[in-house]
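K.L.:
here's my sequence, what's the structure:
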Amino acid sequence: MDTKFSTAEKAQTSSHARWALLALAIGAFGIGTTEFSPMGLLPVIAKGVDVSIPTAGLLISAYAIGVMVGAPFMTLAFSRFGKRTALMLLVSIFTIGNLMSAMAPGYFTLLLARLVTSLNHGAFFGLGAVVAASVVPKEKQASAVAAMFMGLTIANIGGVPAATWVGQQIGWRMAFAGTALIGIAAIAALWVALPKGKRGAMPNVRRELAVLTRPTVLIAMATTVMGAGAMFSLYTYVAPTLTELTGASNSFVTLGLVLIGIGFTIGNWLGGRLADWSLDGATKIFLALLAAIMFVLPLAMITHAGAAIGLLLWGGAAFAIVPPVQMRVMEAAAEAPGLASSINVGAFNLGNALGAATGAAVISLGFGYAAVSIAGGLLAAAGLVLVLIGTRKPSSLPANCNA
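P.N.:
Modelled structure (predicted):
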């Protein structure tokens with residue numbers, strides 16, 4: 001798939017960069033809504049399909065695994081299409097998957113529907129990140145990627161709380177059906193805002209895969225896994241955690257999700273700005289901050305005020321890592337940015353699965369919901385260690401230098 005606009009396309013797109021980024025953000029908004037809304041609906045879905053909350057949490061893990069597995073295959077499969085066509089087809093898969101979820105008669109059919117929905121995710125964000133970076137100057141590329149991801153963070157302010165409310169008041173099936181409508185709007189926005197472009201050439205799969213085996217690329221992707229794992233260890237079980245630790249009502253759970261979404265949005269913007277300054281520096285700062293917040297969050301969540309403030313700060317730190325880790329992988333794998341970007345989104349969702357599974361294990365072993373946040377803090381700390389390893393430079397003292 002072509003990863004840069006031609007000269008004519010770039011001249012046209014430069015004047016429409018904001019519209020292009022807006023269209024990508026609308027797609028990201030829909031994907032973010034369907035990815036994150038089950039966190040707030042977990043108790044409702046569990047009751048609706050007659051399974052336990054930890055078992056329902058595996059729906060989130062299944063989605064994440066589907067993203068991870070689907071990202072490289074979908075990216076390569078859609079390489080023959082132009083950028084606009086590929087993105088529209090990917091959002092069509094998203095729309096069909098959400099309709100399947102709305103009509104699923106039981107747990108296992110819902111699990112299958114979530115897998116179908118997940119197949120578009122990695123390729124959409126991977127290709128979308130390359131497109132976003134291609135319509136702006138190099139010094140603003142991280143901010144452009146953050147602009148696309150802004151749709152995902154805004155989903156946590158509007159889409160996820162709205163889906164949670166609909167699920168609580170009307171039924172979780174209607175929440176998925178409403179999300180499918182967002183997919184239709186995204187398809188229309190992409191068709192209008194992006195240039196048609198030429199058909200892409202099939203990539204050299206062997207060469208691009210070889211690029212992805214570089215130690216710097218692998219360490220950067222592993223950092224993504226740890227950071228996402230830290231986020232989703234808590235986010236997956238945020239509704240029951242608020243119920244158990246804070247004594248929250250359904251209304252306060254919805255408010256908590258809104259606050260997390262606001263934190264995500266602020267963190268995404270700040271992460272993009274700091275990543276334009278220093279990719280490694282921004283990643284270190286926000287992983288360290290995320291670990292610290294998660295270690296103290298159980299104490300803050302004893303009160304409603306503490307929970308509200310803690311979730312806002314946690315959301316900011318958690319999503320601020322996304323723009324820098326995405327750009328770090330794209331720069332480390334500059335010869336294969338599309339495939340690397342897509343696989344890194346898969347790595348993000350591998351972290352999603354890791355976090356959800358970690359939280360489920362902590363709860364199932366009887367450590368309680370407070371320990372979920374502690375476990376997430378340890379994952380963030382592990383990510384920080386990986387960044388330090390990846391950025392460590394060997395000593396280059398002159399041969400005649402005395403110790």
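K.L.:
so which residues of the stretch 1-150 of the chain form helices?
P.N.:
7-14, 17-48, 53-77, 83-103, 107-118, 121-134, 141-154 (DSSP state H, counting those that start in this stretch).
K.L.:
could you do the stretch 201-350 of the chain as well?
P.N.:
205-212, 215-235, 238-241, 250-277, 279-300, 304-320, 322-332, 337-364.
K.L.:
now the last one: buried residues?
P.N.:
This means helix 337-364. For helix 337-364, the neighbour count (16 or more other C-beta atoms under 10 Å) marks 337-360, 362-363 as buried. Heads up, the C-betas are built off the backbone N, CA and C, glycines and all.
K.L.:
could you do the second one as well?
P.N.:
By neighbour count, and taking 16+ other C-beta under 10 Å as the criterion, the buried residues in helix 215-235 are 217-235.
K.L.:
what's the answer for stretch 75-82, then?
P.N.:
Across stretch 75-82, burial judged by 16+ other C-beta under 10 Å covers Thr75, Leu76, Phe78, Ser79, Phe81, Gly82.
K.L.:
quick one: the residues you listed as JSON lines, columns for distance to Thr34 too.
P.N.:
Shown next, in JSON lines, are the buried residues of stretch 75-82 (distance: C-beta to C-beta, whole Å):
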{"residue": "Thr75", "distance to Thr34": "20"}
{"residue": "Leu76", "distance to Thr34": "24"}
{"residue": "Phe78", "distance to Thr34": "20"}
{"residue": "Ser79", "distance to Thr34": "25"}
{"residue": "Phe81", "distance to Thr34": "23"}
{"residue": "Gly82", "distance to Thr34": "25"}
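K.L.:
what's the separation between Met231 and Ser134?
P.N.:
Per C-beta to C-beta, to the nearest Å, Met231 is found 28 Å from Ser134.
K.L.:
which one of the helices of the stretch 201-350 of the chain lies closest to Leu89?
P.N.:
helix 337-364 (14.4 Å; C-beta to C-beta).
K.L.:
whichever helix or strand comes after that closest one to helix 337-364, inter-axis angle?
P.N.:
Per DSSP states H and E, the first helix or strand lying C-terminal to helix 337-364 is helix 370-391. Angular relation of helix 370-391 and helix 337-364 on a 0 to 180 degree scale: 150 degrees, by axes from the mean of the first three to the mean of the last three C-alpha atoms, to 10 degrees.
K.L.:
who touches helix 370-391?
P.N.:
Residues outside helix 370-391 that contact it (C-beta atoms under 8 Å, 6 or more residues apart in numbering) are 216, 219-220, 222-223, 225-227, 229-231, 233-234, 237, 241, 245, 280, 283-284, 287-288, 290-295, 297-298, 301, 321, 351, 354-355, 358-359, 362-363.
K.L.:
re the thing from before, out of the helices of the stretch 201-350 of the chain, which gets nearest to Gly151?
P.N.:
The closest of the helices of the stretch 201-350 of the chain to Gly151 is helix 250-277. By C-beta to C-beta, the value is 9.8 Å.
K.L.:
other SSEs contacting that closest one?
P.N.:
helix 17-48, helix 141-154, helix 160-169, helix 238-241, helix 279-300, helix 304-320, helix 322-332 (3 or more C-beta pairs under 8 Å, 6 or more residues apart in numbering; DSSP states H and E).
K.L.:
let me have these in a markdown table, extended by mean neighbour count and mean pLDDT.
P.N.:
Output for the helices and strands packed on helix 250-277, formatted as a markdown table (neighbours: other C-beta atoms under 10 Å; pLDDT from 0 to 100):
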| stretch | mean neighbour count | mean pLDDT |
| --- | --- | --- |
| helix 17-48 | 24 | 88 |
| helix 141-154 | 26 | 83 |
| helix 160-169 | 21 | 87 |
| helix 238-241 | 25 | 87 |
| helix 279-300 | 21 | 93 |
| helix 304-320 | 23 | 94 |
| helix 322-332 | 28 | 83 |
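K.L.:
ok, which of the ones you listed comes nearest Leu194?
P.N.:
Per C-beta to C-beta, nearest to Leu194 of the helices and strands packed on helix 250-277: helix 17-48, 5.8 Å.
K.L.:
nearest residue to the middle of the protein?
P.N.:
Residue closest to the mean C-alpha point of the chain, counted by C-alpha atoms, centre = their mean, is Phe348 at 6.1 Å.
K.L.:
how close does that one sit to Val329?
P.N.:
Relative to Val329, Phe348 is positioned 10 Å away (C-beta to C-beta).
K.L.:
mutual contacts of the two, please.
P.N.:
Thr224.
K.L.:
Val387: how many residues sit nearby?
P.N.:
26 (other C-beta atoms under 10 Å).
K.L.:
over to the one 5 residues further on?
P.N.:
As a burial measure, the neighbour count of Arg392 was computed by other C-beta under 10 Å and equals 7.
K.L.:
before we move on, back to that, residues in contact with the residue nearest to the centre of the chain?
P.N.:
Going by C-beta under 8 Å, 6+ apart, Phe348 touches Val67, Thr224, Val225, Ala228, Val322, Val325.
K.L.:
any idea how far Leu76 is from Leu209?
P.N.:
Distance from Leu209 to Leu76, by C-beta to C-beta: 10 Å.
K.L.:
pull up the overlap in contacts between those two.
P.N.:
Leu339.
K.L.:
wait, which of the helices and strands packed on helix 250-277 is closest to His121?
P.N.:
helix 17-48 (5.8 Å).
K.L.:
which helices and strands does the closest one pack with?
P.N.:
Counting by 3+ C-beta pairs under 8 Å, 6+ apart, the packing neighbours recorded for helix 17-48 are helix 53-77, helix 83-103, helix 121-134, helix 141-154, helix 160-169, helix 172-193, helix 238-241, helix 250-277.
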